[in-house]
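Student: build the 3D model from these lines:
(2 chains)
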Protein chains: 2
Amino acid sequence: MSGVQWSTDAALLAERRFDRSGWEPAGTPAAVAFPRTAAQVQEVLREAQASRTPVVARGAGTALTGASAAGAGAIVLDLSRMNRIVEIRPADGVAVVQPGVITAELDRAAAGYGLSYAPDPASVAISTIGGNIATNAGGLRCAKYGVTRDAVLGLDVVLAGGDLISTGRATLKGVAGYDLTALFVGSEGTLGIVVGATLRLRPLPDPSATIAASYPDVAAAAAASVALAEARIRPVLAELLDEATLNAIDPALRAAGAALLIVQTDGGPDEAAHAAEVLAKGSTTLRSTTDPAETAALLAARRQALPAIERLGRPLIEDIAVPRSRLAEAVREIEAVAQRHQVPICTLAHAGDGNLHPIIVAGRPGEPIPEAAHRAADEIFALALRLGGTVTGEHGVGVLKRAWLERELGPASLSLHRQIKAVFDPYGILNPGKGI
Amino acid sequence: MSGVQWSTDAALLAERRFDRSGWEPAGTPAAVAFPRTAAQVQEVLREAQASRTPVVARGAGTALTGASAAGAGAIVLDLSRMNRIVEIRPADGVAVVQPGVITAELDRAAAGYGLSYAPDPASVAISTIGGNIATNAGGLRCAKYGVTRDAVLGLDVVLAGGDLISTGRATLKGVAGYDLTALFVGSEGTLGIVVGATLRLRPLPDPSATIAASYPDVAAAAAASVALAEARIRPVLAELLDEATLNAIDPALRAAGAALLIVQTDGGPDEAAHAAEVLAKGSTTLRSTTDPAETAALLAARRQALPAIERLGRPLIEDIAVPRSRLAEAVREIEAVAQRHQVPICTLAHAGDGNLHPIIVAGRPGEPIPEAAHRAADEIFALALRLGGTVTGEHGVGVLKRAWLERELGPASLSLHRQIKAVFDPYGILNPGKGI
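Tutor: Residues are numbered from 1 along each chain as shown, chains lettered A, B, ... in the order given. The predicted structure is shown next:
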């Protein structure tokens, strides 16, 4: 096709089969396309639909669910070269970007105008806006400042047949027509290919204080995070680390208590003092700081969690969410699952919004995943639904959670999902076998 | 049908033909149903689809677009008796309500737990949650705290054929499946009937200060509101009133300047002082207060606007949104439209999010609407699109803006809208002729 750069290099294809989930698709994709413009994406899709060829869109490939893994015969649509920040309009609080922009780069560019791009998934330094949109990515500060969907005002989307549409708008408010923007956000490349996004930027206050509080057990830490909400305090972030996670990072951390809560507030010194007072109840130690270096050190513990767990073995990162008040119960039940199946599970949680990441340590990389790990994962999904929650808080469905999605949605809703998919992608070429 | 209360009282039918837009449908509805349970709504819809009878859902009938007006042969589904606040769970930051709950009543009930329901359309004291969901209602404080969509976590919806589905979830975060919740929000009763909603409650800070600043012209007032954003200040509300509006309320108000900006902040005294300093530039007078009585008096001017304009004649309330930086240009152009067509237009704006309500004074109630008023409205819609905005910021499409919606969406997007409508409502019984 004219203009689009293609590659069928075997090493590249072998690498582009995978995303960060490690899930292995059947076969190898046919080619990788590197479009640089929306028109080139239109070309690829027109041709793909005509030849009924599957298309798997990809930004940085950081999906944790198999959503950007590509199997036999597929075209990998690599959007990483469409990586321009087209425009930042500070007076409007709006940025216009291409999908391949790295999320942290947008946030940095916005900072030049005293603004922020709020969603900050843990992968923020390497993942792309397009990928964040595909999964409706959350992050640390989304409990206060919203997930990706809350930041997306409008999208340019290439449909399966190659048509280009715009959804939403460049205004902060608007209700004309159905909310197709929200429908595309989180749809994991199954409804259309996002080639441009108009995003909301916000002036975020600076942190007032960062507090690290240790507790004798997870129940006490979870109770403290609920007490924060009941005291009308809205922390920017409230990260909970369980005993297994603390041991993985550094046994010295565990010594202060079996659960650690790291909380940051941005509502001024009075709110910070109030937060420290609330968090002190039931804690074994508590440290509050406004010093930037000390703050960075406190947050580093949270950031070191995943690399530390990876040293124990291959991590299967789960992603359930429960009503905030059920957090302690969820963590306790996860500990019981680990006991029952004799697999190590380290749990991190965004406590402010009840989103837990139980990380199952599933053998060594390269070895087959132990059956016990799969059984443990299934019990965790069942637990999420039993507590009135969801099987995915912010990572999406991909291939790994499809059976559980069906259980969560129920037959009538699933039927609507399939009919909507058929409207947007009548020949089923867009990321087939993923999401719904 | 067993259990459902029905009425065919002529006076009731005559009243239920209309919503607040004054738009007059052809003919009179056949009956009004007053369901009290989701099961009764299912019954009504099952029967309606079987007999291909149009169903027009209605809460308080405060729609400004004809969306809840009901014509010949339709069943009016009056949901006002499903008005229970089922549950408030303060620890989870969640409320579960029936659709007929009055929005202000939910906010009041939440206040008992130190929480708020943020969306506050001007009709908050009389409109229902169900109607707010149907239009994705905004309000004064939504620039900072979000519109209805941002507050809706999950919905129970009866589909056209009588099936009951649940969308979304009771957790603050979740990405399982397509965002059907957002698809129903703002769909004006054309995709399904909301019979229950799980809503997000937030602890909102108390106002720090309320500032009224007068300016020599609208351009200066709009520039001041943009300067606030550029100073990283996020006001709770920023309401702009133009000269015609001030004259309608009280010519004495006009004496202080041709445009008035009313701003409220909740970020503490430092932010309030900073806001006053920014707003002072270019102003003729400025008054900042923390006194509750004085605050109420300042906000009263804004609240008196619509009743004051109604004394001048029948108000056609328009509802465009533009990028925030184009606000002054929009107001100036609207003044030119008023001049050109010799119709009075009073403009109010939610300046924080670029949402303008130009109110065309279109003759006396009961008389035919002058042709000039329709032409003026058309020019205002065209203006919104020309400035990169939308024909409806928060009121919806109904019947009055259908032609303009088609222009805003374009043919490819419109085709998707129609196909989505057909998935949810294959026989076209749900609010036919409204929205898309």
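
Student: pop the domain breakdown of chain A in here.
Tutor: A:5-78, A:85-203, A:209-386 (automatic domain parsing).

Student: what's the most buried one of the ones you listed?
Tutor: Of all these, domain A:85-203 carries the top mean neighbour count, a mean of 23, counting by mean count of other C-beta atoms under 10 Å in any protein chain shown. (Glycine included, C-beta is placed from N, CA and C.)

Student: did I read that right, residue A:134 in a helix?
Tutor: Yes - Residue A:134: assigned to a helix according to DSSP: H, G, I helix; E, B strand; the rest coil.

Student: my read: residue A:329 touches residue A:386, true?
Tutor: No - using C-beta atoms under 8 Å, residue A:329 is not in contact with residue A:386, being 9.8 Å away.

Student: and residue A:173, helix, strand or coil?
Tutor: Under three-state DSSP, residue A:173 comes out as coil.

Student: hang on, the earlier thing: can you put the domains of chain A in a markdown table and add distance to residue B:251?
Tutor: What follows is these, written out as a markdown table (distance: least, C-beta to C-beta, whole Å):
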| stretch | distance to residue B:251 |
| --- | --- |
| domain A:5-78 | 53 |
| domain A:85-203 | 31 |
| domain A:209-386 | 41 |
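
Student: now these as a markdown table including mean pLDDT?
Tutor: As requested, the domains of chain A are exported to a markdown table (pLDDT from 0 to 100):
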| stretch | mean pLDDT |
| --- | --- |
| domain A:5-78 | 97 |
| domain A:85-203 | 96 |
| domain A:209-386 | 94 |
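
Student: residue B:255: which of those is closest?
Tutor: Among these, the nearest to residue B:255 by C-beta to C-beta is domain A:85-203 (30.3 Å).

Student: what about the closest one, start to end distance?
Tutor: 18 Å (C-alpha to C-alpha, to the nearest Å).

Student: just stretch A:193-206 next, same as before
Tutor: 35 Å.

Student: do that stretch and chain B meet?
Tutor: Yes - using C-beta under 8 Å from any C-beta of the partner chain as the criterion, contacts between stretch A:193-206 and chain B involve A:202, A:203, A:205.

Student: roughly how far out does that stretch sit from the chain middle?
Tutor: 16 Å (C-alpha atoms, centre = their mean, to the nearest Å).

Student: stretch A:106-124 now?
Tutor: For stretch A:106-124, the distance to the chain centre is 16 Å (C-alpha atoms, centre = their mean).

Student: hmm, who's touching that stretch?
Tutor: A:60, A:62, A:85, A:88, A:90, A:93, A:95, A:97, A:103-104, A:127, A:129, A:132, A:137-142, A:145-148, A:150-151, A:199, A:201-204, A:303, A:306, A:394, B:230, B:232 (C-beta atoms under 8 Å, 6 or more residues apart in numbering or on different chains).

Student: what's across from residue A:155 in the sheet?
Tutor: Listed by DSSP bridges, the beta-bridge partners for residue A:155 are residue A:167, residue A:197.

Student: list the contacts for it?
Tutor: Contacts of residue A:155 by C-beta under 8 Å, 6+ apart are A:133, A:166, A:167, A:168, A:180, A:181, A:184, A:185, A:194, A:196, A:197, A:198.

Student: so the fourth one makes contact with residue A:154?
Tutor: Translated: residue A:168. Yes - assessed by C-beta under 8 Å, residue A:168 is found in contact with residue A:154 at 3.1 Å.

Student: just the contacts of stretch A:106-124: which are in strands?
Tutor: Within those, residues falling in strands by DSSP state E are A:85, A:88, A:95, A:97, A:199.

Student: could I get the residues you listed in TSV, plus columns for distance to residue A:220?
Tutor: Shown next, in TSV, are those (distance: C-beta to C-beta, whole Å):
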residue	distance to residue A:220
A:85	44
A:88	44
A:95	41
A:97	43
A:199	39
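
Student: what about the domains of chain A, which gets the closest to residue B:249?
Tutor: domain A:85-203 (24.4 Å).

Student: coming back round to it: of the contacts of residue A:155, closest to residue A:425?
Tutor: residue A:184 (12.1 Å).

Student: give the other helices and strands that the lengthiest helix in chain A contacts.
Tutor: Using DSSP state H to define each element, chain A has its longest helix at helix A:292-310. Secondary-structure packing of helix A:292-310 (3 or more C-beta pairs under 8 Å, 6 or more residues apart in numbering or on different chains; DSSP states H and E): strand A:209-215, strand A:237-241, helix A:243-249, strand A:259-265, strand A:285-289, strand A:315-317, strand A:345-350, strand A:355-361.

Student: 6 Å - rerun?
Tutor: strand A:209-215, helix A:243-249 (3 or more C-beta pairs under 6 Å, 6 or more residues apart in numbering or on different chains; DSSP states H and E).

Student: between those, which one is nearest to residue B:275?
Tutor: Here strand A:209-215 is closest among the helices and strands packed on helix A:292-310 (C-beta to C-beta), at 23.6 Å.

Student: the closest one versus strand A:259-265: what angle between them?
Tutor: Inter-element angle recorded for strand A:209-215 and strand A:259-265: 160 degrees (by axes from the mean of the first three to the mean of the last three C-alpha atoms, to 10 degrees).

Student: how long is stretch A:13-29 end to end?
Tutor: 6 Å.

Student: residues of the stretch 1-150 of chain A that sit close to chain B?
Tutor: A:91, A:92, A:114, A:136, A:138 (C-beta under 6 Å from any C-beta of the partner chain).

Student: ok, now which ones touch the closest residue in space to residue A:276 that isn't next to it in sequence?
Tutor: In this structure, residue A:276 finds its nearest non-sequential neighbour in residue A:288, 4.6 Å apart by C-beta to C-beta, 6 or more residues apart in numbering or on different chains. By C-beta atoms under 6 Å, 6 or more residues apart in numbering or on different chains, the contact list for residue A:288 reads A:209, A:211, A:276.

Student: repeat for residue A:183
Tutor: B:178, B:179, B:183.

Student: what's the closest of the residues you listed to chain A?
Tutor: residue B:179 (4.4 Å; C-beta to the nearest C-beta).

Student: thought the closest one was touching residue A:182?
Tutor: Yes - between residue B:179 and residue A:182 there is a contact at 4.4 Å, judged by C-beta atoms under 6 Å.

Student: what's the closest of the residues of stretch A:193-206 next to chain B to residue B:415?
Tutor: Closest to residue B:415, out of all of the residues of stretch A:193-206 next to chain B and judged by C-beta to C-beta, is residue A:202, at 34.2 Å.

Student: next, the contact list for that closest one, please.
Tutor: So residue A:202 contacts A:116, A:118 (C-beta under 6 Å, 6+ apart).

Student: beta partners for it?
Tutor: As assigned using DSSP bridges, the partners bridged with residue A:202 are residue A:116.

Student: quick check: the gap between it and residue B:160.
Tutor: 39 Å (C-beta to C-beta, to the nearest Å).

Student: and for residue A:275?
Tutor: Applying C-beta to C-beta to residue A:275 and residue B:160 gives a distance of 48 Å.

Student: repeat that for residue A:325.
Tutor: 36 Å.

Student: do residue A:14 as well
Tutor: For residue A:14 relative to residue B:160 (C-beta to C-beta), the value is 49 Å.

Student: before we move on, what about residue A:139?
Tutor: 38 Å.

Student: ok, residue A:288 next?
Tutor: For residue A:288, the distance to residue B:160 - C-beta to C-beta - is 55 Å.

Student: same check on residue A:63?
Tutor: 35 Å.
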